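Peer 1: Could you work out the structure for the sequence below:
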Amino acid sequence: MKRDYYELLGVSKSASPDEIKRAYRKLALQYHPDKPTGNEEKFKEINEAYQALSDPEQRTQYDRFGSADGGMGQGTWGAGGFDPFEVFQREFTGFEDLFGGIFGGSPRGRRGRVVERGDDRLTNVTLSFEEMARGAQRDIILERLRACPTCSGTGAEPGTSISACKTCTGTGVVERQVRTVFGAMVHRSVCPDCRGEGKRPEKLCKDCNGTGRAHQRDTLRVKVPPGLDDGTRIRISGEGEVGPRGGPAGHLYVTVHVKKHPAFTRDGDDVRSTLAIPFTTAVLGGTAEAETLDGEKSIDVPRGTASGTEFRLRGNGIASAAGRGEKRGDHIVTVVIDVPKRVSTEQEDLLRRFAEMKKSRRFFS
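Peer 2: Purely as a prediction, here's the structure:
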């Protein structure tokens, strides 16, 4: 089971973005694998935690669901394509000097190769009110760049070899000396020939022209957890576009839209609706049938029920997103008295007699 992200960074759940960044930078430098005090597993965990908590939307999802993926991710490290060194590089500006001064090497230190991550993709799903309440599945058709089937993403023509880049001698980085007012300095940059990969195919794949990617049309089954608000964006790790020549894939972001229901409204995990009951039922008591997400449910209406009285049907509401769908809210029914617009002569006589009786009782009281 994954440790708490706040605990990993050593901050409280109310920590500000600046406090989270300061904590991350301190720990990232401490545990970077290229330092004597490094710990690669710890470094991965710290970067995963920071990636989630530094993004306001992902942090909100993590606080609510216990996952930055809204309960849908395939794991942010490994199969999901998460690269902790990419997060590290992005957060430390002037990383060439940082690595040159601290680690004495290329922008990736001993790792050398710079991997380019694929782009993220965005899509939308629309759910009915009932689907939102219970959770749903959708088959989404995506057109995206995935690994070239001919070269399996390597960018090399099948049967040919991949060798170290001659320009950068396999480091992925080129260096040049520049003179400044402070003296000679070494400027490091990504190799323009291999784009930081440190290797080049002997012969480029004809189908993808060496990019290792090809447009594909896929159908992806997306599981939408119950209880999400309209406009919630969830992330599916590694289902975006793949990076060039075997680079990790970006993410797929799915925005959930929920249709309005003609009779139900949402109140947290509760459902609210209004039920009209006859005047006689309100006065004499009886039963009434209320429509819920689980079909019709009987309500016992006591004598003398006033308009606006609420009845709570426990466990007939929305499956809680925070509880992973195992707990449901309630259905709250507000009754209103149905006053007939037209009555028969006999009914009118009875009502007049009833009104006179009430007047007489008030007079003698």
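
Peer 1: now Val190: how far from Pro248?
Peer 2: 17 Å (CB to CB, to the nearest Å). (Each C-beta comes from the backbone N, C-alpha and C, glycine too.)

Peer 1: that's a strand at Arg352, yeah?
Peer 2: No: looking at Arg352 with DSSP: H, G, I helix; E, B strand; the rest coil, it is helix, so not inside a strand.

Peer 1: can you tell me how far it sits from Lys359?
Peer 2: 11 Å.

Peer 1: and what of Gly240?
Peer 2: According to CB to CB, Gly240 stands 76 Å off from Lys359.

Peer 1: and the two? which has more neighbours close in?
Peer 2: Applying other CB atoms under 10 Å to Gly240 and Lys359 shows that Gly240 carries more neighbours, namely 25 against 10.

Peer 1: Check which helix or strand that one maps to.
Peer 2: Taking DSSP states H and E as the definition, one finds Gly240 inside no helix or strand.

Peer 1: contacting residues for it?
Peer 2: Residues near Gly240 by CB atoms under 8 Å, 6 or more residues apart in numbering: 118-121, 144, 249-252.

Peer 1: Would you format those as TSV with distance to Ala321 included?
Peer 2: Output for the contacts of Gly240, formatted as TSV (distance: CB to CB, whole Å):
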residue	distance to Ala321
Gly118	29
Asp119	28
Asp120	23
Arg121	23
Arg144	28
Ala249	26
Gly250	25
His251	20
Leu252	19
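
Peer 1: Identify, from those, the entry nearest to Val222.
Peer 2: Using CB to CB, Leu252 comes nearest to Val222 of these, at 8.2 Å.

Peer 1: Quick check, the closest one in contact with Val125.
Peer 2: No: checked against CB atoms under 8 Å, the pair Leu252 and Val125 is beyond contact range at 11.3 Å.

Peer 1: Just want to know which of those two has more residues nearby.
Peer 2: Neighbour tally, Leu252 and Val125, criterion other CB under 10 Å: the higher count belongs to Leu252, 23 against 17.

Peer 1: Who are the packing partners of the host helix or strand of Arg59?
Peer 2: According to DSSP H and E, Arg59 maps onto helix 56-65. Helix 56-65 is packed against helix 40-53, strand 233-236, with contacts defined by 3 or more CB pairs under 8 Å, 6 or more residues apart in numbering; DSSP states H and E.

Peer 1: Name whatever forms a beta bridge with the most centrally placed residue in the chain.
Peer 2: Nearest residue to the geometric centre of the chain (CA atoms, centre = their mean): Ile234, 2.4 Å. On the basis of DSSP bridges, Ile234 is bridged to Val254.

Peer 1: Looking at the helices and strands packed on helix 56-65, which is nearest to Ile20?
Peer 2: For the helices and strands packed on helix 56-65, distance to Ile20 was read as CB to CB. The smallest value, 5.2 Å, belongs to helix 40-53.

Peer 1: For the closest one, buried residues please.
Peer 2: Going by neighbour count (16 or more other CB atoms under 10 Å), the buried part of helix 40-53 is 42-53.

Peer 1: relative to helix 56-65, how tilted is that helix?
Peer 2: Here helix 40-53 runs at an angle of 100 degrees relative to helix 56-65 (axes from the mean of the first three to the mean of the last three CA atoms, to 10 degrees).

Peer 1: and helix 40-53, what does it pack onto?
Peer 2: Helix 40-53 packs on helix 5-9, helix 17-31, helix 56-65, helix 84-91, going by 3+ CB pairs under 8 Å, 6+ apart.

Peer 1: winner for burial among the ones you listed?
Peer 2: Comparing the helices and strands packed on helix 40-53 by mean neighbour count (mean count of other CB atoms under 10 Å), helix 5-9 comes out on top with a mean of 20.

Peer 1: quick one: average pLDDT of that one?
Peer 2: For helix 5-9, mean pLDDT rounds to 92.

Peer 1: could you pull out the helices for the stretch 251-365 of the chain?
Peer 2: For the stretch 251-365 of the chain, helices defined by DSSP state H, counting those that start in this stretch occupy the ranges 279-284, 345-364.

Peer 1: picking that back up, of the buried residues of helix 40-53, closest to Gly196?
Peer 2: Taking these together and measuring to Gly196 by CB to CB, the closest member is Asn47, at 19.2 Å.

Peer 1: So which of the buried residues of helix 40-53 is the closest to Lys341?
Peer 2: Distance to Lys341, by CB to CB, is smallest for Ala52 among the buried residues of helix 40-53, at 58.3 Å.
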